[in-house]
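Visitor: coords please:
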Amino acid sequence: MIGQEETFPRLPSSLRPEQYHITVRPDIYQLDPEDFTNEGKVEVTLTCLEPTDMVVLHARQLNITDQELELQAGVV
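Guide: So this is what the prediction gives:
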């Protein structure tokens, strides 16, 4: 929000993002601009530089309907 200090946490230094694949499909044909919606897909490839039991991804003001985690075989 404008005029208010916000904190934007980052990934920990033990996680290195390698690739991002982002697809967004906006639905701009609404009579009321407040009804604007979009659909999309995000794929993030990370390298874990040290052992961890948690990865937190932030999704401000998003309605996530499906999620999937794929681990590289033999690395877990």
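
Visitor: Which pLDDT value does the model give the residue located most distally from the centre of the chain?
Guide: Largest separation from the mean C-alpha position in the chain: Leu31, at 28.9 Å (CA atoms, centre = their mean). Leu31 carries a pLDDT value of 81.

Visitor: Tell me if I am right that it is in a helix.
Guide: No - judged by DSSP: H, G, I helix; E, B strand; the rest coil, Leu31 forms no part of a helix; its state is coil.

Visitor: May I have the phi/psi pair for it?
Guide: phi -70, psi -40 (degrees, to the nearest 10).

Visitor: likewise Leu49?
Guide: The phi and psi torsions at Leu49 (degrees, to the nearest 10) take the values phi -90, psi -20.

Visitor: got a list of what it touches?
Guide: 13-16 (CB atoms under 8 Å, 6 or more residues apart in numbering). (C-beta placed from N, C-alpha, C; glycine too.)

Visitor: how about a cut-off of 7 Å?
Guide: Contacts here follow CB atoms under 7 Å, 6 or more residues apart in numbering; on that basis Leu49 touches 14, 16.

Visitor: With Leu71 as the reference, measure out to it.
Guide: Plainly put, Leu49 is 15 Å away from Leu71 if you go by CB to CB, to the nearest Å.

Visitor: so where do the strands sit in the protein?
Guide: Counting by DSSP state E, the chain has these strands, from start to end: 15-27, 37-48.

Visitor: Those: which one's closest to Val56?
Guide: strand 15-27 (9.7 Å; CB to CB).

Visitor: buried ones in that closest one?
Guide: Of the residues in strand 15-27, Leu15 count as buried by neighbour count, 16 or more other CB atoms under 10 Å.

Visitor: which helices and strands sit right next to it?
Guide: In terms of contacts (3 or more CB pairs under 7 Å, 6 or more residues apart in numbering; DSSP states H and E), strand 15-27 is packed against strand 37-48.

Visitor: which other residues reach the strand it packs on?
Guide: Against strand 37-48 from outside (CB under 7 Å, 6+ apart): 14-27.

Visitor: Direction included, what does that strand pair up with?
Guide: Strand partners for strand 37-48, identified by DSSP bridges, are recorded as strand 15-27 (antiparallel).

Visitor: starting at the chain centroid, how far to the strand it pairs with?
Guide: How far strand 15-27 lies from its chain's middle: 7 Å, per CA atoms, centre = their mean, to the nearest Å.
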